[in-house]
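Novice: Take a look and give me a structure for this.
(one chain, ligands or ions: 2)
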Amino acid sequence: MEYLINSKFVKSVFKKNDFPEEVLPTFVLVGKSNVGKSSFINALTNNKKLAKVGNSPGKTRSINYFNINNEFYLVDLPGYGYSKMSKSEKENINSLTNSFLENNSFIKHVFFLVDIRHEPTVNDRAMYDWLSEKEIPCTIIANKADKLSKSKIENSIKTIQKQLFASDDIIAFSSDNKAGVEDVILKIKNEI
Ligand SMILES: Nc1nc2c(ncn2[C@@H]2O[C@H](COP(=O)(O)OP(=O)(O)OP(=O)(O)O)[C@@H](O)[C@H]2O)c(=O)[nH]1
Ligand SMILES: [Mg+2]
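Specialist: Ligands and ions are numbered 1, 2, ... in the order given. The predicted model follows:
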């Protein structure tokens, strides 16, 4: 399998005026805490140490930029719906990620991760609606597909599609068994 090559960590952004100066087409990971956004970046680049992965929700707390082959950025966002975070940290992170998503004309595509085993949460729906309203191109990633049998994968995808009122593509994905990696890489290559 061909993975993304020449990936490197650029920076963690904690404040609105601290985004990288170099402009590149940008692909963004969005989804609730612990759904597997950071692992997704590691799966595409075949590098388990690139993005930090957590066993418990709330691992990523900043907007993390990864430069891929000097062609584009993959951007890892903090997950939403993590209840243990303090109210002020939650507000800071929400305001930072909203302003990043709203004011960034270089965003080519959002990969919107949901857990293939569960129905989308209220927060998932709100976020997906918001992205649709902003007309940000989006692919839904039904993640952790390794946890379901092949026959169940199809049903889950239909449920997710219905519940999100999604017309976008849905890709069954797994960082563990690498299902969907090629589809995602193809999608990126078609958009840069
Ligand atoms: N079985 C399975 N586990 C996965 C997969 N992707 C991620 N995980 C696990 O899910 C947990 C969370 O993964 P992360 O990649 O840190 O999730 P995240 O969305 O970045 O989480 P936050 O940074 O908290 O928003 C880790 O224990 C991962 O090993 C997958 O495709 N299959
Ligand atoms: Mg993360």
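Novice: Distance check, the single nearest residue of the chain relative to ligand 1 against D124.
Specialist: Nearest residue of the chain to ligand 1, counting by CB to the nearest ligand atom: G79, 2.5 Å away. Every residue, glycine included, has its C-beta placed from N, CA and C. Distance check for G79 against D124: by CB to CB, to the nearest Å, it reads 11 Å.
Novice: Common neighbours of those two, please.
Specialist: By the contact definition CB atoms under 8 Å, 6 or more residues apart in numbering, G79 and D124 are jointly contacted by G31, K32.
Novice: coming back round to it: report how many residues lie close to the spatially closest residue to the residue of the chain closest to ligand 1 that is not a sequence neighbour.
Specialist: Counting by CB to CB, 6 or more residues apart in numbering, G79 lies nearest to S33, which is 3.2 Å off, once chain neighbours are set aside. The number of residues packed near S33 is 20, by other CB atoms under 10 Å.
Novice: S33 touches S83, doesn't it?
Specialist: No. When contacts are counted by CB atoms under 8 Å, S33 is not listed as touching S83 (9.0 Å).
Novice: Only alpha carbons, please: show the longest helix along the chain as CSV.
Specialist: Ranked by number of residues, the top helix in the chain under DSSP state H is helix 87-102. In CSV, the C-alpha atoms belonging to helix 87-102 read as follows (Å, rounded to 0.1, in the frame of the first residue of the first chain):
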residue,chain,number,x,y,z
LYS,A,87,-15.5,25.2,31.1
SER,A,88,-12.9,27.9,30.3
GLU,A,89,-10.7,25.4,28.4
LYS,A,90,-13.7,24.1,26.5
GLU,A,91,-14.7,27.7,25.5
ASN,A,92,-11.2,28.5,24.4
ILE,A,93,-10.9,25.4,22.3
ASN,A,94,-14.3,25.9,20.7
SER,A,95,-13.7,29.5,19.9
LEU,A,96,-10.2,28.6,18.4
THR,A,97,-11.5,25.7,16.3
ASN,A,98,-14.6,27.7,15.1
SER,A,99,-12.5,30.6,14.0
PHE,A,100,-10.1,28.3,12.3
LEU,A,101,-12.9,26.5,10.4
GLU,A,102,-14.7,29.8,9.5
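Novice: Flag every buried residue along it.
Specialist: Neighbour-count burial for helix 87-102, counted by 16 or more other CB atoms under 10 Å, picks out K90, N92, I93, L96, T97, F100, L101.
Novice: So for K84, what pLDDT did the model give?
Specialist: If you check K84, the pLDDT there is 88.
Novice: show me what contacts it?
Specialist: Contact partners of K84, counting by CB under 8 Å, 6+ apart, are P57, G58.
Novice: ok, 7 Å please
Specialist: K84 makes contacts with G58, as judged by CB atoms under 7 Å, 6 or more residues apart in numbering.
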